[in-house]
Structures are given as C-alpha cells and as structure tokens.
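# quick one: sequence and predicted model below, then my questions.
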There are 2 protein chains.
Amino acid sequence: MYKVKVYVTLRESVLDPQGAAVKGALHSMDYLDVTDVRIGKYMELTIEKTDRDIDEVINEVCTRLLANPVIEDYRYEIEESVAQ
Amino acid sequence: MYKVKVYVTLRESVLDPQGAAVKGALHSMDYLDVTDVRIGKYMELTIEKTDRDIDEVINEVCTRLLANPVIEDYRYEIEESVAQ
C-alpha cells in the first residue's frame, strides 16, 4: 500500500486572491512581516499496490482530476509502502 | 527572509466530506485502488526576518488564523533564509 502526498499550487504567473485575502487579514492582525502568502491544496492518498506503475497512476490522477494543468502545478511524494 | 510551508489537515477523527467526494470521483474513473483521500490546505508564507522568534510567529499565525484548532492539525517547515 502506498501513502502519497500531493501538493497542488497555483502557477507563479496566476493571481492568488485567496492568498492576498489571507495576507490582508494577517496585516490587519499586525503581522506586517508576512510579505507574501500563496495558498494551495494538500492531499493524502492511500493507494493499494497493483501491477500498474505507481508514478503513472499518480500522474494520471493528478492531471485528470486533482490539479487543473492550465493554472496549477502539482508535485507528490510517495511515502511508506507497507507490504500487503 | 524566511520561506515557510504550512500544512493544515483535518484531525483523523473528523469526517472529510471533500476527501470522500474526491475518492468517489476517482472510483467512478476506475481508480479503484485508491482506498482513502484526505484533503487539507498547503500554504507558502514569505516572512521578513525580525527580532521576534520565527517559530513563535508561525505558531501564532497558525493558531489565530490559518488553522482551526478544534478540527484541524497543522505542521510547518521553515525553508531557505536569505540574508537581508
């Protein structure tokens, strides 16, 4: 079994209104030393071992559903692989 | 300057409807080997160096704004610290 951590973030060139809102809130709470905030998605997937290549499955799942390739980037880490 | 990565996740005991919805969508796309999905928030903060302790600032920011301590856990990583 695999534990996969997926990080989906907006591309640098894409405006991040959510991040700007959080930054504004932090500034209103006097955290003026916070100069930038970027917000993304963090997902933990548990995937059973099959004969398919795990990287292939993850890339498919990310490009087809978890990330929008037009405005988002994604990266992932494959953690422990417990013997079945 | 610090680059801080913050991961906010729902506590294990808390139901994750968003994760369940994504799992359902993956199953409908025939990714039946995905047995669990947990969704959280991933944030990248850029924080100027001040005389305050950086860990103290981050913990404050997380508990006061970025994470809901009742239902969420958070962890963070402090990355490069470019000399000002």
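Alright, I've got the coordinates.

# what segments of chain A are helices?
Counting by DSSP state H, chain A has these helices, from start to end: A:17-28, A:54-61.

# CSV please, covering the ones you listed and showing distance to A:V70, mean pLDDT and mean neighbour count.
Every C-beta, even on glycine, is put in place using the N, C-alpha and C of the backbone. As requested, the helices of chain A are exported to CSV (distance: least, CB to CB, whole Å; pLDDT from 0 to 100; neighbours: other CB atoms under 10 Å in any protein chain shown):
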stretch, distance to A:V70, mean pLDDT, mean neighbour count
helix A:17-28, 17, 96, 15
helix A:54-61, 16, 95, 16
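
# can these go into TSV with extra columns for distance to chain B?
Shown next, in TSV, are these (distance: least, CB to the nearest CB, whole Å):
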stretch	distance to chain B
helix A:17-28	6
helix A:54-61	6
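
# would you format those helices as a markdown table with distance to B:R52 included?
Listed next are the helices of chain A as a markdown table, based on distance: least, CB to CB, whole Å:
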| stretch | distance to B:R52 |
| --- | --- |
| helix A:17-28 | 14 |
| helix A:54-61 | 39 |
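
# so for B:E44, which of those helices sits nearest?
Nearest to B:E44, of all those, is helix A:17-28, at 8.3 Å by CB to CB.
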